[in-house]
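could you look at this predicted model? Sequence included:
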Amino acid sequence: MEYYTSDSCDSDTREQKTLDLTSQFIDTETFASELRSVVDEKDCAENYEIILLNHNRITSLPETINRFCNLKILDVSNNRLTSLPDILKNCPLTSLIAKHNQLTNESLPKCFSSSKNTIKELNLSGNQMNFFPEQVLELKSLKYLYLGGNQIQKIPKEIRKLSSLQILSLGGNQITEVPESVGRLTSLQALVLSDNYIEQLPASIADLNQLRSLLLHKNRLKTLPTQIIRLKCLTELSLRDNPLVVRFVRDMTLQPPSLLELAGRTIKLHDVPVLPGEVPLTLLRYLGAAQCCVNPKCKGVFFDNRVEHIKFVDFCGKYRIPLLQYLCSSKCIIGSWESREENTNPHPHMMRKVLLG
């Protein structure tokens, strides 16, 4: 076993030390003995800021680890851990890596955050969790979250609480939908949703204005929201192994409009003035929710009643990506505007940057 440290355990120097037990094939008992040696015999546990335990045979962490009062980075990946103790909250951790173990939701600490730690990186990939761990949502300073390779079925709406996230990795789960609240993660630079069962992305994905990498391969996507072309920082977009077709498809669904819808359209179309106090506040909000028809030759609007329209846009001059748009009427899908614009590139900056693989 190797210890990558400085030559002295003088606590006055407070030099950063690493206890490196990587790939030593040690078990829980042996690891506990090593920690006791550092704590009791050498009396310099407070100097260690990094403990590397990856690729061993450890099933649990001993209480002695709590004596490492300056521990910032703990890597226990590729072990046989069946639980993470609550005592970890007494360490000033900034990075906890516990990927590829046997952890379930029930075996996680009840709370990850405390006054002593400010976790910025949490990696629980490759475990046995079947739902998103709620206690993670309390980590306000979290920047990097890896939960891939589990059996998570749902992304909670409360994901918006993690406003400092820069990387969110949820690939290799059983997720079927992405909540609108993901769009609130405006610091996000990488979003990994590959190898799931996602059929549709929310329009709010376009609010991730710092997003550079969006991995969506191995899902059930048939279209992408039109708003995705607003992601000007996007440099990597992976869509392989999705049922994205290569021919022009139209999928129209139209229900008879309500009287409220018809009245609202008429007011908007003819610019009928409506002042506060003349109609209930709920109607004013309704009128403010009007959306414009994407047909440039149509000046119409719609509210709840709309026609789905799938339009293909060329990316990189090679791939044609189906984007989902909405029209106010089925009549708006007929006309020469469609064929003229079919091969037009209205956002050239995107065509140079997006990679499809």
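Received the coordinates, thanks.

C-alpha from now on. contacts and neighbour counts both.
Will do.

the stretch 51-200 of the chain: helices as residue ranges?
Counting by DSSP state H, counting those that start in this stretch, the stretch 51-200 of the chain has no helices at all.

next, count neighbours for residue 106.
A total of 12 residues lie near residue 106 under the criterion other C-alpha atoms under 10 Å.

where are the low-confidence patches of the stretch 51-200 of the chain?
87, 115, 117 (pLDDT under 70).

spell out the residue ranges of the strands in it.
Using DSSP state E, counting those that start in this stretch, the strands found in the stretch 51-200 of the chain span residues 73-75, 95-97, 121-123, 144-146, 167-169, 190-192.

mind putting those strands in a markdown table, mean neighbour count and distance to residue 326 included?
Below are the strands of the stretch 51-200 of the chain laid out as a markdown table (neighbours: other C-alpha atoms under 10 Å; distance: least, C-alpha to C-alpha, whole Å):
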| stretch | mean neighbour count | distance to residue 326 |
| --- | --- | --- |
| strand 73-75 | 20 | 48 |
| strand 95-97 | 20 | 44 |
| strand 121-123 | 20 | 39 |
| strand 144-146 | 20 | 34 |
| strand 167-169 | 20 | 30 |
| strand 190-192 | 21 | 26 |
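
who does the biggest helix by length in the chain touch, helix- and strand-wise?
Using DSSP state H, we find that the single longest helix of the chain is helix 259-269. Judged by 3 or more C-alpha pairs under 8 Å, 6 or more residues apart in numbering; DSSP states H and E, the packing partners of helix 259-269 are strand 301-302.

what lies in contact with the strand it packs on?
261, 265, 268, 269, 290, 291, 292, 293, 327, 328 (C-alpha atoms under 8 Å, 6 or more residues apart in numbering).

quick one: strands adjacent to it?
Strand pairing for strand 301-302, determined by DSSP bridges: strand 291-292 (antiparallel).

show the average pLDDT along the partner strand.
Averaging pLDDT along strand 291-292 gives 86.

in three-state terms, label residue 323 for me.
Judged by DSSP: H, G, I helix; E, B strand; the rest coil, the three-state class of residue 323 is strand.

that one - how many residues pack around it?
Residues near residue 323, counting by other C-alpha under 10 Å: 18.

now swap in residue 279 and tell me
Using other C-alpha under 10 Å, residue 279 has 10 other residues around it.

reformat the strands of the stretch 51-200 of the chain as JSON lines; add distance to residue 180.
Formatted as JSON lines, the strands of the stretch 51-200 of the chain follow (distance: least, C-alpha to C-alpha, whole Å):
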{"stretch": "strand 73-75", "distance to residue 180": "33"}
{"stretch": "strand 95-97", "distance to residue 180": "28"}
{"stretch": "strand 121-123", "distance to residue 180": "23"}
{"stretch": "strand 144-146", "distance to residue 180": "19"}
{"stretch": "strand 167-169", "distance to residue 180": "15"}
{"stretch": "strand 190-192", "distance to residue 180": "14"}
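
pLDDT wise, what is residue 3 at?
On pLDDT, residue 3 comes in at 32.

then residue 333?
62.

quick one: the residue nearest to residue 129 when sequence neighbours are not counted from residue 167, how far?
Using C-alpha to C-alpha, 6 or more residues apart in numbering and skipping residues adjacent in sequence, the residue nearest residue 129 is residue 104, 4.6 Å away. Going from residue 104 to residue 167 by C-alpha to C-alpha, to the nearest Å gives 22 Å.

so residue 240 is in contact with residue 217, correct?
Yes. In terms of C-alpha atoms under 8 Å, residue 240 counts as a neighbour of residue 217; the distance is 4.8 Å.

what about the two, which has more around it?
Set residue 240 next to residue 217 and count neighbours by other C-alpha under 10 Å: residue 217 wins out with 22 against 16.

who's in contact with that one?
Taking C-alpha under 8 Å, 6+ apart as the test, what residue 217 contacts is 193, 194, 195, 238, 239, 240, 241, 242.

so which of the residues you listed comes closest to residue 45?
residue 193 (39.8 Å; C-alpha to C-alpha).

what's the burial count for the nearest residue to that closest one once chain neighbours are set aside?
In space, and not counting its chain neighbours, residue 193 is closest to residue 171: 4.6 Å by C-alpha to C-alpha, 6+ apart. Residues lying near residue 171 (other C-alpha under 10 Å) number 25.

mind checking how far residue 286 is from residue 325?
Distance from residue 286 to residue 325, by C-alpha to C-alpha: 21 Å.

what does residue 143 give?
In terms of C-alpha to C-alpha, residue 143 sits 33 Å off from residue 325.
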